[in-house]
Every structure is written in structure tokens, then in C-alpha cells.
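>>> Dropping the sequence and predicted coords here.
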Amino acid sequence: MSFFAKYLAQFDLDTLVMELVSKLLSLILLVLVFYIIKKIVTISVRKLFLSSIRVSTQEVGRQKTIARLLESGLNYLLYFLLLYSVLTILGLPVSSLLAGAGIAGVAIGMGAQGFLSDLVNGFFILLERQFDVGDVVGLTNGSIKIKGTVVSVGIRTTQVRDGDGTLHFIPNRNILVVSNQSRGDMRVQVDIPLSLTADLDKVWQVIERVNQKELASQTAIKGAKMVGPQTLENGSFVFRVQFFVTSGQQSPIYQHFYMVYHQALLTEGIDLHA
């Protein structure tokens, strides 16, 4: 006990407590200031930057992409400054740590290769405008294929939400092939199953009559083509109609015309194949 008492007597406990409280208050104040600055940056990017004349001339998806990218870059900078400030407040020799980083340079360099690859590939994705926020894309890397809607484009990762709601975080270096389904008109193919004994002339007339009635009210359709009877690989016999529609309208157009074709053919007594 006397040993510990002598050991503790070497320290000025009042001074240590004051320093501890001072550093704790400084850290709390730093975090508070960081939170405020981060909020200001986010609001500035989303409100002031996007409302500028030069950016407002861009498409909505492009605006969101630029905003997310700028916000991501500023966040990286803020977190770096926060870490630097925390180490300084704690009294750690930041300059010495940075100077001595060469000791672990090889290990850090190997870990940084992937990070730099993400940055470079992300830069070219944005430069070439391969996709924007809101685009429906298919991303391929060998056997790995992800399809969904682009939620965010960052300098290191891209976020894609697929059909079942899963959010995928994809390092930009792993994006090798981009299939963008939101650029230009898309094709919708409607195959109506028919019996082999169906009257094809009557089927053609019914489909043509439905098109004349429905196409005028469908502003999303850019063009329609009646391909006619087709035999599928599985042996099924179908009557095929193709539409070229505005991107994003494929599913509603398919569902609408399949239903009206089906109902019209049944009404005319045409035998459909189950």
C-alpha cells in the first residue's frame, strides 16, 4: 500500500483532473462543431449548389449525382479534419505519426491500391456519365450480376437497390460492364399464347383493332409493331406484338396490353392456349 501511495504522490491529481476535464470538454465542443458544419455542408449542397444556374440546366438525375458526389467528397474531408483535431486535442504527435507512416508504407500502400482503383474508376464513370442517380442499370463483373435502381454514386462506392429492396454497396473498381436501361426508348414484347387451331386472320384483326383504340391514349408509347405468330423454343405458339416505350414504362405498358388483348380475344371466341 505504501508503494502505491508513494507512486500516486508523484502526480498532481488536481492538475490531471483539470486536464482530463478540459480535453473532454474540447472533444465535446469539437464534435458539436463538426455536427453543425456537416449539416451546413449538406444543406448548402442540396439547396444552394443545386439551385445555381449552371447545375439547374442539368437533368434531375445528373443533379442528384453531382450533389451526392460533392457531398461525399466534403464528408471525407470533414472526417479527416475531425480525426486530426481529435488526435491533436489528445496530445498525440500527429506530425510524427505522419512522418513515421513510411514504416508501414508497404502495408498501407497495398490496402490503398483498392481505394485508388475505386476513385479512378468512379471518376471515369462520372466523366463518361455511364449512369446517374435514378437510372435502372445492370452491373456485371464476371459471374456477378446486379440489376436495380441507382440510389447513390460516390467517389468510392455505388449504391444500387434491386427489385426486392436489397441495397447493394458496390466498390467502383468492381464495376466492369454497365448496362443502362434508362437511356433512350425501351422495347416491350407482348406474347399472347394461342391454340394451334386459332384463326390467325381473326387474331390479327382483333389485335389491330385494339391497337387503334388504345395507342392514341398511351403517350409513353413511341411506336408499335405487330410481329405476328411465333413459335417459342419451348414449342409454345404465340402472337407477338412489340412496343417501343419511354424508359421506366415497360411494366405498365406490358400489363395493360396483355390484359386488353387477352380480354378482346376471349370476347371474340378465339381459343387461347393455357
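Structure received. Numbers count the residues shown, from 1 in each chain.

>>> can you map out the helices along the stretch 101-250 of the chain?
Applying DSSP state H, counting those that start in this stretch to the stretch 101-250 of the chain gives helices spanning 105-127, 200-214, 250-267.

>>> Which among those is found nearest to residue 90?
When those are compared by CB to CB, helix 105-127 sits nearest residue 90, at 21.6 Å. Backbone N, C-alpha and C define where each C-beta goes, glycine included.

>>> export the helices of the stretch 101-250 of the chain to JSON lines and tack on distance to residue 77?
Shown next, in JSON lines, are the helices of the stretch 101-250 of the chain (distance: least, CB to CB, whole Å):
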{"stretch": "helix 105-127", "distance to residue 77": "14"}
{"stretch": "helix 200-214", "distance to residue 77": "54"}
{"stretch": "helix 250-267", "distance to residue 77": "41"}
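
>>> These into CSV, with extra columns for distance to residue 184, mean neighbour count and mean pLDDT?
Putting those into CSV (distance: least, CB to CB, whole Å; neighbours: other CB atoms under 10 Å; pLDDT from 0 to 100) gives the following:
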stretch, distance to residue 184, mean neighbour count, mean pLDDT
helix 105-127, 19, 13, 68
helix 200-214, 23, 15, 91
helix 250-267, 13, 15, 91
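
>>> OK, contacts around the residue nearest the centre of the chain?
The C-alpha lying nearest the average C-alpha coordinate of the chain belongs to residue 150 (CA atoms, centre = their mean; 2.4 Å). Going by CB atoms under 8 Å, 6 or more residues apart in numbering, residue 150 touches 131, 132, 133, 134, 135, 136, 137, 158, 159, 160.

>>> okay, now the fourth one: neighbour count?
By the criterion of other CB atoms under 10 Å, residue 134 has 16 neighbours.

>>> ok so, going back, could you dump the contacts of residue 150 to TSV with pLDDT and distance to residue 248?
Below are the contacts of residue 150 laid out as TSV (pLDDT from 0 to 100; distance: CB to CB, whole Å):
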residue	pLDDT	distance to residue 248
131	86	14
132	83	13
133	83	14
134	84	9
135	86	10
136	87	7
137	90	12
158	89	19
159	91	19
160	93	16
